[in-house]
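**Student:** no FASTA, just this:
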């Protein structure tokens, strides 16, 4: 929590946290609302409002949140004391009395360590501020490394980012391909040769602090909603070393019972097709993943456009039933622009419309992500903001 805990953490790199979790259930099976739960939720509400509407006065903050001015004054004092808020001058609004002092989130008061494992042959990492701006970026080549070797490189890489930070660290988040179980502790990623790896525990033990683990495509989806221009209903496809997707319905990320929602890369779209790293034949990844596309184009450079069109159609085959069932019209595709922009996206969109188009259905629009290669890093930042400060 903030307040009395903040001074003790001022000289450390551990996170100051506003918890937005639901109160624990009482032994009788009913929710037990404690005073501290209400206060934490109010702190989160104030921070959320200031993220969405920066530079507003205490009076306007009271009106926007519905909290009394006395409550706002108390909460703002605590957040100012923790360094999460800052005063940024006076309002220009013409009102009786003294000009109101404006408040904003102190973006550079904390660091977030964000790591992206989705790249084909490298780990990408960044130190981000709590406004979603990247302060420092780094990369480490992996080549053909798999299993334990990747884990060792990841631990060393994160350690270097932590040392590079000169602010209190709000949290560390790693975006990984593959399936992350609902508890966020185990990872299964065939492309990395990780099989039910207890990644959170391994990193926590090595680094001495908690590390949040999430699926890379799901993080990219959260980023499109928080930092991009996406709405609350969205499918976001991530094409990199593998192929994954994230689903947002009503602004809420859909994880699935086993944490595998959006794992379309190992859906078979071609019986008796090429052997996939997962052991099956004809998975979507054997056509659409970056290594597969690169290999096909290198072998037949004169047929590049035809290869990209066929890959786009294969993606459309996988997405059409999902879009048809959920009626989501906004689909964002992330990956190397030289592959996905143009022929690839056009072919995927054409096939989807052809298969599920109805007069009563909004036309499906596929578009390239504007967050480029930063989507997973920004999604990791957004997830830490949600987890630690209650900001969605």
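**Tutor:** On my side now, so go ahead. Remember, it's a predicted structure, so these values are computed and weren't measured experimentally.
**Student:** Look up how far residue 57 lies from residue 64.
**Tutor:** 10 Å (C-beta to C-beta, to the nearest Å). From N, CA and C alone the C-beta is placed, and that goes for glycine too.
**Student:** Next: residue 271.
**Tutor:** For residue 271, the distance to residue 57 - C-beta to C-beta - is 64 Å.
**Student:** cool, and residue 323?
**Tutor:** Noted for residue 323: a distance of 44 Å to residue 57, by C-beta to C-beta.
**Student:** Compare neighbour counts for those two and give me the winner.
**Tutor:** Neighbours per residue (other C-beta atoms under 10 Å) separate residue 323 from residue 57, with residue 323 holding more: 21 against 18.
**Student:** For that one, what are phi and psi?
**Tutor:** The phi/psi pair for residue 323 (degrees, to the nearest 10) reads phi -70, psi -40.
**Student:** show me what contacts it?
**Tutor:** Residues near residue 323 by C-beta atoms under 8 Å, 6 or more residues apart in numbering: 235, 329, 331, 352, 356, 364.
**Student:** let's go with 7 Å and repeat that
**Tutor:** 235, 352, 356, 364 (C-beta atoms under 7 Å, 6 or more residues apart in numbering).
**Student:** Among those, find the lowest-pLDDT one for me.
**Tutor:** Minimum pLDDT for these is recorded at residue 364 (87).
**Student:** Mind jotting down where the strands sit in the stretch 151-300 of the chain?
**Tutor:** Under the criterion DSSP state E, counting those that start in this stretch, the stretch 151-300 of the chain contains strands at 168-176, 179-180, 187-189, 194-197, 212-215, 234-239, 243-249, 252-253.
**Student:** deepest of these, which one?
**Tutor:** Mean neighbour count (mean count of other C-beta atoms under 10 Å) peaks for strand 234-239 among the strands of the stretch 151-300 of the chain, with a mean of 27.
**Student:** What is the distance between that one and the centre of its chain?
**Tutor:** In terms of C-alpha atoms, centre = their mean, to the nearest Å, the gap separating the centre of strand 234-239 from the centre of its chain is 12 Å.
**Student:** Report the angle between it and strand 168-176.
**Tutor:** Inter-element angle recorded for strand 234-239 and strand 168-176: 70 degrees (by axes from the mean of the first three to the mean of the last three C-alpha atoms, to 10 degrees).
**Student:** contact partners of stretch 75-90?
**Tutor:** If you take C-beta under 7 Å, 6+ apart as the criterion, stretch 75-90 is touched by 2-3, 6, 16, 42-43, 46-47, 50, 55, 58, 99-106, 109.
**Student:** Looking at the residues you listed, which are in helices?
**Tutor:** Counting by DSSP state H, these place 6, 42, 43, 46, 47, 50, 58 in helices.
**Student:** ok, the last one - how many residues close by?
**Tutor:** Looking back up the chat, that one is residue 58. 18.
**Student:** Give me the nearest residue to it, chain neighbours excluded.
**Tutor:** Excluding the flanking residues, the one nearest residue 58 by C-beta to C-beta, 6 or more residues apart in numbering is residue 72, at 5.3 Å.
**Student:** so where do the helices sit in the stretch 101-250 of the chain?
**Tutor:** In the stretch 101-250 of the chain, the helices defined using DSSP state H, counting those that start in this stretch lie at 147-164, 199-207, 216-226.
**Student:** ranking those helices by burial, who's on top?
**Tutor:** Among the helices of the stretch 101-250 of the chain, helix 216-226 has the highest mean neighbour count (mean count of other C-beta under 10 Å), at a mean of 28.
**Student:** Show me what residue 330 is bridged to.
**Tutor:** residue 365 (DSSP bridges).
**Student:** This structure - how does it break down into domains?
**Tutor:** 3-105, 109-219+375-389, 230-369 (automatic domain parsing).
**Student:** Endpoint to endpoint, stretch 164-184 covers what distance?
**Tutor:** This stretch, stretch 164-184, spans 26 Å end to end (C-alpha to C-alpha, to the nearest Å).
**Student:** and the residue nearest to residue 146 when sequence neighbours are not counted, how many neighbours does it have?
**Tutor:** Excluding its sequence neighbours, the residue lying closest to residue 146 (C-beta to C-beta, 6+ apart) is residue 193, at 3.8 Å. By other C-beta under 10 Å, 14 other residues sit near residue 193.
**Student:** Now do residue 193, the pLDDT please.
**Tutor:** 89.
**Student:** just checking, it touches residue 148?
**Tutor:** No. When contacts are counted by C-beta atoms under 7 Å, residue 193 is not listed as touching residue 148 (8.8 Å).
**Student:** related to what we said a few turns ago, point out the most buried one among the domains of the chain.
**Tutor:** Most buried of the domains of the chain, by mean neighbour count (mean count of other C-beta under 10 Å): domain 109-219+375-389, with a mean of 20.
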